[in-house]
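S.K.: Dropping a prediction and its sequence here:
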Amino acid sequence: MIRGDELVVFAILFVGVAATGFLAYRWRRADLRSLDQWGLAGRTFGTVINWFLMGGDLYTAYTFIAVPALVFGKGAIGLFAIPYTIIVYPLVYVVMPKLWRVGRHRGHVTPSDYVADRFDSRLLGLLIAITGIVATIPYIALQMFGIEVVLAQMGVPVEVALIVAFLILAVFTYLSGLRAPAMIAFAKDVLIWSAILVAVIYIPIRLGGYGNIFAHVPTKLSILSYKSYMPYATLAFGSALALFLYPHAVTSVLASKDEKVIKRNAAFLPAYSFLLGLIAILGFMAIAAGIHPAKPYLANAAVPELMASMFPGPFVGYIFAAIAIGALVPASVMSIASANLFSRNIYREFFRRSASGAEEATVSKIFSGLVKLGALLFILLVPTTYVINFQLAGGVWILQTLPAVFLSLYVRWLDRWAVVAGWAVGMGLGTYWLVQEKFAASTFALFGQTNYEVYIALAAFIANMIVVVGGSGIARLVGAGIRTRLTEADYEVAPTGA
Amino acid sequence: MPKRRWALLLLIIPFVSVLYPDWYSRLQPELAGIPFFVWYQFAMVVLGVIITIGVYALEAARQ
């Protein structure tokens, strides 16, 4: 049954906000036939714009569905998203300005650009590009899944509606590049902050206060059991290490106009962590409200159903629009980031070395559409559990690029073959452990220690690091040369106003 | 060579504050009916912000 009042508000907001994406190409007008302009908006974003963009990019609509769903279904373990998004920012503060600095000197658009330069290795650049693309596509698919959940809640036929949403997304990204999600991020934030603040004030009033909510949540769900300590800590730590290795996160960092923008936002972005925490608490509220979400979405529909049971139709439409628009921002940035990996690090590097800047940008624009089409087919044709499993695996895989992308900023004696070998070991072991868990869990009993299960990504990463450090040590001992295209000057502070 | 950036050591505090759940996975003391486990982590978000702003200010002051 279609819920008319919800749908009208939803449709007006969704189309209205998406329209700003179509017009975003006029904003800070420049020649969008270059990858620097289309894919990085000319590297001109200041603190405020970047705060909105990164907030929209990193705290995705899927997160807003999945985190409270995990809290609803499994309790306190789902709150690992809070420590995760606390500790990611000290890392960002220290590491990302350095990556930005080298990128600015050398004109890097992707993490793969940096790695190829840093190790003077086309192979390593290619491996990083492929890992990034493969990890990102299921992530885009899950953004569409976020849209699907709220559409289904409104009784809309999801296939048709998803295709419409896809077309809107594909066209504005093609036209406006990174300017579009940056502009949409403003409206998305107004909607999401207002919706959530109303929800976390009003719903507890209806449910008799926070004390009463937690009185309805069994203790085994409201705090961690002893066995969950290790999964909780390793999931938080491993996820924090992985987040800024994702191509879309690197894209928004490189779009900053200077290092101060990155450092300031390392301080201000936790406002979204607070918001995410509040959204996680909605999972507890859904338990207390006695929500029983039906198939096929089960726990993923817990929060949408909670909203529908608490608020009048038009406001439910408003909340759902906030979630769906929240999906457009990350989906757009992710498709831009993976398209840049393809055009720069695969197409130009291996097929058309003579490609001009304009050709490169055109390939990116087309590939960004293809990536989203792939994600759309993924979500329409593949059972959702598999898509979620793929995204889980994507997190395990992307962490294996850390030695190449982050560690190499600090440790000059890394050997490129050792980094390749470490990547292979990490990918292989991580995938093996995922298969052993049948992709159903992200933690496993390392050395059979069932009381101390650890996040698969982190365990694979440690094996990766042992190979990288050991292998590089051996390479130095036998006197292998250090290969790089970078010079000391590339690591130094970029001239201001450059 | 760049000068030593001692202020960055402060950034270890957020890690220590949340990566050892044995400390804070408790119900008591509650805050307005919210378990310690929950409100403590919200408090640590705020602490993380204060520390990062502090580090930024210290670094800016040295330049």
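M.R.: Received, thanks. Being a predicted model, the structure only gives us computed values, none of them experimental.

S.K.: mind checking how far the spatially most central residue of chain A is from residue A:401?
M.R.: Here the mean C-alpha position of chain A is nearest to the C-alpha of residue A:58 (Cα atoms, centre = their mean), at a distance of 4.8 Å. As for residue A:58, its distance to residue A:401 is 17 Å (criterion: Cβ to Cβ, to the nearest Å). In short, each C-beta sits where N, CA and C put it, glycine included.

S.K.: Which element is encountered next along the chain beyond the helix or strand hosting residue A:474?
M.R.: Residue A:474 belongs to helix A:456-477 when assigned by DSSP states H and E. Following helix A:456-477 in sequence order, the next helix or strand is helix A:488-491 (DSSP H and E).

S.K.: Outside of that next one itself, list whatever touches it.
M.R.: Judged by Cβ atoms under 8 Å, 6 or more residues apart in numbering or on different chains, the contacts made with helix A:488-491 from elsewhere in the structure are A:98, A:101, A:102, A:105, A:106, A:409.

S.K.: any weak-confidence spans in the stretch 1-150 of chain A?
M.R.: Within the stretch 1-150 of chain A, the set of residues satisfying pLDDT under 70 comprises A:1.

S.K.: Tell me the residues of it that contact chain B?
M.R.: Along the stretch 1-150 of chain A, the residues adjacent to chain B under the rule Cβ under 8 Å from any Cβ of the partner chain are A:76, A:79, A:82, A:83, A:85, A:86, A:87, A:89, A:90, A:93, A:94.

S.K.: if you count residues, which helix in chain B comes out on top?
M.R.: helix B:36-62 (DSSP state H).

S.K.: quick check, nearest of the contacts of helix A:488-491 to chain B?
M.R.: Sorting those by distance to chain B puts residue A:98 at the head of the list, at 10.9 Å, by Cβ to the nearest Cβ.

S.K.: Quick check, the closest one in contact with residue A:407.
M.R.: No: with the criterion set as Cβ atoms under 8 Å, residue A:98 and residue A:407 do not qualify as a contacting pair; they are 11.5 Å apart.

S.K.: since we're on the nearest residue to residue B:58 once chain neighbours are set aside, how many residues are nearby?
M.R.: In this structure, residue B:58 finds its nearest non-sequential neighbour in residue B:7, 4.1 Å apart by Cβ to Cβ, 6 or more residues apart in numbering or on different chains. By other Cβ atoms under 10 Å in any protein chain shown, 16 other residues sit near residue B:7.

S.K.: what about residue B:7, which SS state?
M.R.: For residue B:7, the reduced secondary structure class is helix; criterion used: DSSP: H, G, I helix; E, B strand; the rest coil.

S.K.: pLDDT wise, what is it at?
M.R.: You'll see residue B:7 listed with a pLDDT of 85.

S.K.: quick one: contacts for it?
M.R.: Here residue B:7 is in contact with B:54, B:55, B:58, B:59, B:62 (Cβ under 8 Å, 6+ apart).

S.K.: Can stretch A:395-408 be said to contact chain B?
M.R.: No: no part of stretch A:395-408 sits close enough to chain B to count as contact by Cβ under 8 Å from any Cβ; the gap is at least 15.2 Å.

S.K.: Just the CA trace of that stretch, in PDB.
M.R.: What follows is stretch A:395-408 as a C-alpha-only set of coordinates in PDB (Å, rounded to 0.1, in the frame of the first residue of the first chain):
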ATOM      1  CA  GLY A 395      36.700  -3.400   4.500                       C
ATOM      2  CA  VAL A 396      39.000  -6.300   5.000                       C
ATOM      3  CA  TRP A 397      40.600  -5.700   1.600                       C
ATOM      4  CA  ILE A 398      41.000  -2.000   1.700                       C
ATOM      5  CA  LEU A 399      42.900  -2.200   5.000                       C
ATOM      6  CA  GLN A 400      45.600  -4.200   3.200                       C
ATOM      7  CA  THR A 401      46.600  -1.000   1.300                       C
ATOM      8  CA  LEU A 402      47.700   0.700   4.500                       C
ATOM      9  CA  PRO A 403      51.400   0.000   4.200                       C
ATOM     10  CA  ALA A 404      51.500   1.300   0.600                       C
ATOM     11  CA  VAL A 405      49.400   4.400   1.300                       C
ATOM     12  CA  PHE A 406      50.000   5.500   4.900                       C
ATOM     13  CA  LEU A 407      53.100   3.700   6.200                       C
ATOM     14  CA  SER A 408      55.100   4.800   3.200                       C
END
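
S.K.: and residue 14, what is it in contact with?
M.R.: I'll assume chain A. Residue A:14 is in contact with A:165, A:321, A:324, A:325, counting by Cβ under 8 Å, 6+ apart.

S.K.: ah, no, chain B please
M.R.: Neighbour list for residue B:14: A:86, A:87, A:89, A:90, B:44, B:47, B:48, B:51 [criterion: Cβ under 8 Å, 6+ apart].

S.K.: Of those residues, which is the nearest to residue A:316?
M.R.: Minimum separation from residue A:316 among the contacts of residue B:14 (Cβ to Cβ) is found for residue A:86, which lies at 31.3 Å.

S.K.: part of a strand, is the closest one?
M.R.: No: under the criterion used here (three-state DSSP), residue A:86 is helix, not part of a strand.

S.K.: Closest to residue A:44 out of the contacts of residue B:14?
M.R.: Distance to residue A:44 across the contacts of residue B:14 (Cβ to Cβ) is lowest for residue A:89, with 23.0 Å.

S.K.: does that closest one sit in a helix or strand, and which one?
M.R.: Remark: residue A:89 resides in helix A:81-106, with elements defined by DSSP H and E.

S.K.: Can you check what angle separates that helix from helix B:36-62?
M.R.: Relative orientation of helix A:81-106 with respect to helix B:36-62: 30 degrees, computed using axes from the mean of the first three to the mean of the last three Cα atoms, to 10 degrees.

S.K.: ranges for the strands of chain A?
M.R.: Per DSSP state E, chain A carries strands over the ranges A:443-444, A:454-455.

S.K.: Least reliable of those by average pLDDT, please.
M.R.: Looking over the strands of chain A, mean pLDDT reaches its minimum on strand A:443-444, with a mean of 86.

S.K.: list the contacts for whichever residue of chain A sits closest to chain B?
M.R.: Distances between chain A and chain B by Cβ to the nearest Cβ are smallest at residue A:211, namely 2.2 Å. For residue A:211, the set of contacting residues under the criterion of Cβ under 8 Å, 6+ apart consists of B:30, B:32, B:33, B:34.

S.K.: and chain A, which of these contact it?
M.R.: Filtering the contacts of residue A:211 for proximity to chain A by Cβ under 8 Å from any Cβ leaves B:30, B:32, B:33, B:34.

S.K.: ok, the nearest residue in space to residue A:172 that is not next to it in sequence - contacts?
M.R.: Once its chain neighbours are removed from consideration, residue A:172 has its nearest residue in residue A:21; the separation is 3.4 Å (Cβ to Cβ, 6+ apart). Residue A:21 is in contact with A:168, A:172, A:173, A:176, A:180, A:181, A:183, A:184, A:328, A:332, counting by Cβ under 8 Å, 6+ apart.

S.K.: For chain B, what lies in contact range of chain A?
M.R.: Close to chain A, as judged by Cβ under 8 Å from any Cβ, chain B has residues B:8, B:11-12, B:14-15, B:17-22, B:25-27, B:30, B:32-35, B:37-38, B:41-42, B:44-46, B:48-49, B:51-53, B:55-56, B:59.

S.K.: which of the contacts of residue A:211 sit farthest apart?
M.R.: Of all pairs in the contacts of residue A:211, the most separated under Cβ to Cβ is B:30 and B:32 at 7.3 Å.

S.K.: So those two - more neighbours on which side?
M.R.: A direct count of neighbours by other Cβ under 10 Å for residue B:30 and residue B:32 places residue B:30 higher, at 16 against 10.

S.K.: Phi, psi for residue A:258 please.
M.R.: For residue A:258, the backbone dihedrals (degrees, to the nearest 10) come out as phi -150, psi 180.

S.K.: pLDDT at it, what is it?
M.R.: pLDDT, the model's per-residue confidence, is 91 for residue A:258.

S.K.: Quick check: it vs residue A:88, distance?
M.R.: Taking Cβ to Cβ, one finds residue A:258 at 21 Å from residue A:88.
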